[in-house]
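Enquirer: Only the shape, not the letters, is given here:
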């Protein structure tokens, strides 16, 4: 008996290398860090714990958080613009 076997590879395709030098912060001291809460369960807890570490151990000046309406929708353009104006670094997260 012959059967077909399908193997699915869940890895993402490689991304071509960007040209130029990648941008990075030299330090977190005095910076403003933003979080985009994607509305998945428990991300708010993860972000709060990470924010506390960033402030207490790395000298982050302030943490700003904005929450999406749902994980399946894009972040609000006004919220993204506000984060871009206020933050030195933005982390978009997941939970569950």
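Expert: It's in. A quick note: this is a predicted structure, and the numbers were derived from the prediction, not measured.

Enquirer: Regarding this protein, what is its longest helix?
Expert: helix 43-58 (DSSP state H).

Enquirer: can you list the weak-confidence ranges in the chain?
Expert: 1-2, 12, 15, 18, 20-22, 94-96 (pLDDT under 70).

Enquirer: Can you show me the strands along it?
Expert: Ranges of strands in the chain, per DSSP state E, are 32-37, 62-67, 89-92.

Enquirer: Among those strands, which comes closest to residue 26?
Expert: Of all these, strand 89-92 sits nearest to residue 26, with 11.7 Å by C-beta to C-beta. Every residue, glycine included, has its C-beta placed from N, CA and C.

Enquirer: from the middle of its chain, how far away would that closest one be?
Expert: Centre-to-centre, strand 89-92 and its host chain are 5 Å apart (C-alpha atoms, centre = their mean, to the nearest Å).

Enquirer: Tabulate the strands of the chain in a markdown table, adding columns for mean neighbour count and distance to residue 5.
Expert: Formatted as a markdown table, the strands of the chain follow (neighbours: other C-beta atoms under 10 Å; distance: least, C-beta to C-beta, whole Å):
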| stretch | mean neighbour count | distance to residue 5 |
| --- | --- | --- |
| strand 32-37 | 21 | 40 |
| strand 62-67 | 17 | 44 |
| strand 89-92 | 15 | 37 |
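
Enquirer: for those, which one sits closest to residue 81?
Expert: Of these, nearest to residue 81 by C-beta to C-beta is strand 62-67, at 10.6 Å.

Enquirer: about what we covered before: can you list the residues that contact the longest helix of the chain?
Expert: 27-29, 33, 35, 37, 60, 63, 65, 67, 91, 93-95 (C-beta atoms under 8 Å, 6 or more residues apart in numbering).

Enquirer: what's the distance between the closest residue to residue 87 other than its chain neighbours and residue 79?
Expert: Among residues not flanking residue 87 along the chain, residue 34 sits closest, at 3.7 Å (C-beta to C-beta, 6 or more residues apart in numbering). Distance, residue 34 to residue 79, by C-beta to C-beta, to the nearest Å: 10 Å.

Enquirer: Show me the common contact partners of these two, please.
Expert: In contact with both residue 34 and residue 79: residue 66, using C-beta under 8 Å, 6+ apart.
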